[in-house]
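Chemist: Got a predicted model here, sequence first, then my questions.
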Amino acid sequence: MQTHTPHSLPADAVMPSLPQDIAVVVLGVVIGAMLLHGFALLRRDGDNRLLVLLGSGAAASLLEGFACHLINCWHSAVGIREVYVAFGIHVPLWLAELYVVFFGGMSYYFLRGFVKSASFATLFWSFFIVVGMLEGGGEMIGIALGMFVYHGAQPLPIFGFPLYLGFINPAQALAFTAVACLWFKHVKGGARYLLIPLTPVLLAGVYAGLTYPTASFLFAANHGLSVAGSIASMILSVLLAALSYRVLMHLHDQGALVA
């Protein structure tokens with residue numbers, strides 16, 4: 001029985017300026033530091049992986065409108081601080097920067113930690129859990145500040161944050177890291193930068209696949225089945241993370257992962 005209907009974003013909803021400004025500055029400083037590190041690695045060792053991943057993170061931000069459309073999440077109108085509008089979604093600058101950190105720098109530094117860790121499994125699954133918790137906590141704060149909102153009867157919400165996203169986002173980040181490692185193994189030199197335009201295509205497929213069990217019932221406004229779908233999405237996310245772990249371990253055993 002369909003008892004819940006997604007609703008539209010209020011026309012006068014506007015994202016508050018101060019949280020945006022703080023996020024833009026903080027994330028800008030973090031990205032600047034990562035870029036400096038990337039250029040230092042390139043100059044010292046000829047290692048362009050960090051720069052490639054930062055570029056891939058920036059390209060991944062092009063997916064935000066599509067991703068929000070799938071799960072019925074709407075950002076408040078952001079005016080001059082928005083990067084683009086897609087599917088009616090206003091994508092703010094701070095969120096585009098977050099993609100650079102999340103899919104770019106974080107992938108690189110996780111990889112370095114994975115190579116050096118004495119307990120690969122502990123590091124991998126701790127990363128999965130901690131990233132999910134940090135993302136959930138950050139989104140709860142953003143929702144409370146009026147920076148964005150999830151519409152309709154979202155399944156298993158915690159202070160407005162749908163629980164299944166705490167599984168999907170770290171899973172796709174780890175999967176992207178595994179794919180990037182395969183890319184770096186087989187592609188050398190400047191050709192590695194071709195990963196940047198491929199990133200949105202890769203992530204779009206992964207995100208659509210993981211969210212489909214939930215999104216299909218969200219759009220049908222069937223709350224009971226969307227809860228079941230969200231559980232299916234979480235299971236798929238854990239399975240994808242496990243597959244990513246196996247790929248990284250295989251590459252590590254082959255000596256294909258270099259700190």
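Modeler: On my side now, so go ahead.
Chemist: Would you mind naming the helix or strand containing the residue nearest to the spatial centre of the chain?
Modeler: In the chain, the residue lying closest to the centroid (Cα atoms, centre = their mean) is residue 169, at 4.9 Å. Under the criterion of DSSP states H and E, residue 169 resides in helix 165-186.
Chemist: any idea which helix or strand comes after that helix?
Modeler: Next along the chain after helix 165-186, taking DSSP H and E as the criterion, comes helix 195-219.
Chemist: buried stuff in that next one?
Modeler: Within helix 195-219, the residues that qualify as buried are 195-196, 199-200, 202-204, 206-207, 210-211, 213-215, 217-218, counting by 16 or more other Cβ atoms under 10 Å. (Glycine included, C-beta is placed from N, CA and C.)
Chemist: now do stretch 138-156
Modeler: So, applying 16+ other Cβ under 10 Å, buried residues of stretch 138-156: 139, 142-143, 147-156.
Chemist: roughly how far out does it sit from the chain middle?
Modeler: Offset of stretch 138-156 from its chain centre (Cα atoms, centre = their mean, to the nearest Å): 16 Å.
Chemist: hey, where'd the helices end up in the stretch 51-200 of the chain?
Modeler: Assignment of helices within the stretch 51-200 of the chain using DSSP state H, counting those that start in this stretch yields the ranges 64-71, 93-99, 106-116, 120-144, 165-186, 195-219.
Chemist: which one of those helices lies closest to residue 226?
Modeler: Proximity to residue 226, assessed across the helices of the stretch 51-200 of the chain by Cβ to Cβ, is greatest for helix 195-219 (3.8 Å).
Chemist: just to revisit the earlier point, by pLDDT, give me the weakest of the buried residues of stretch 138-156.
Modeler: Lowest pLDDT within these is found at residue 152 (68).
Chemist: Can you add distance to residue 52 and give the helices of the stretch 51-200 of the chain back as a markdown table?
Modeler: Formatted as a markdown table, the helices of the stretch 51-200 of the chain follow (distance: least, Cβ to Cβ, whole Å):
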| stretch | distance to residue 52 |
| --- | --- |
| helix 64-71 | 21 |
| helix 93-99 | 15 |
| helix 106-116 | 9 |
| helix 120-144 | 20 |
| helix 165-186 | 8 |
| helix 195-219 | 6 |
